[in-house]
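Asker: Just to be clear, the model below is a prediction. Sequence and coordinates:
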Amino acid sequence: MLTSNAPQTVVTVPVKSIGVSLLLTFFFGPLGMLYSTIWGGIIMLIVSIILGLITLGLSLFLTWPICMIWGAVAANSYN
């Protein structure tokens, strides 16, 4: 039997909190999504700006909750 005395290396990644993600997206919307998903935050920022200009801001009642859900799901799947 071969035995090795080499130390084992364990790589850990920091976890992303779903609660922090929800809190950031509640207060900052698409910018808060940058905590959990960079591309999702960029996409929702562009979509929110375009739809916000077209609907004079009324679309934020739709896009803001979508940002919160997407951010929480992204943080959960990251973990």
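Answerer: Perfect, thanks for sending it.
Asker: and residue 26, how many residues sit next to it?
Answerer: Around residue 26 there are 14 other residues, counting by other C-beta atoms under 10 Å. Every C-beta, even on glycine, is put in place using the N, C-alpha and C of the backbone.
Asker: In contact with it: list those residues for me.
Answerer: The neighbours of residue 26, taking C-beta atoms under 8 Å, 6 or more residues apart in numbering as the test, are 32, 68.
Asker: gap between it and residue 79?
Answerer: Residue 26 sits 20 Å away from residue 79, going by C-beta to C-beta, to the nearest Å.
Asker: go on, residue 61?
Answerer: 29 Å.
Asker: Give me the buried positions along stretch 66-79.
Answerer: Buried residues in stretch 66-79, counted by 16 or more other C-beta atoms under 10 Å: 66, 67, 68, 70, 71, 72, 74, 75.
Asker: Let's see the pLDDT reported for residue 68.
Answerer: At residue 68, the model reports a pLDDT of 96.
Asker: From residue 22, how far out is it?
Answerer: For residue 68, the distance to residue 22 equals 6 Å [C-beta to C-beta].
Asker: Surely residue 64 touches residue 29?
Answerer: Yes. In this structure, residue 64 is within contact of residue 29 by C-beta atoms under 8 Å, at 5.3 Å.
Asker: Which neighbours do these two have in common?
Answerer: With C-beta under 8 Å, 6+ apart as the test, residue 64 and residue 29 both reach residue 48.
Asker: At which residues are the strands of this protein located?
Answerer: Counting by DSSP state E, one finds no strands in the chain.
Asker: any idea which helix is longest in it?
Answerer: Assignment by DSSP state H gives helix 60-78 as the longest helix of the chain.
Asker: Contacts for that helix next, please.
Answerer: Under the criterion C-beta under 8 Å, 6+ apart, residues 15-18, 20-22, 24-26, 29-30, 32-33, 35-37, 40, 44, 47-48, 51-52 lie in contact with helix 60-78.
Asker: Good, wrapping up.
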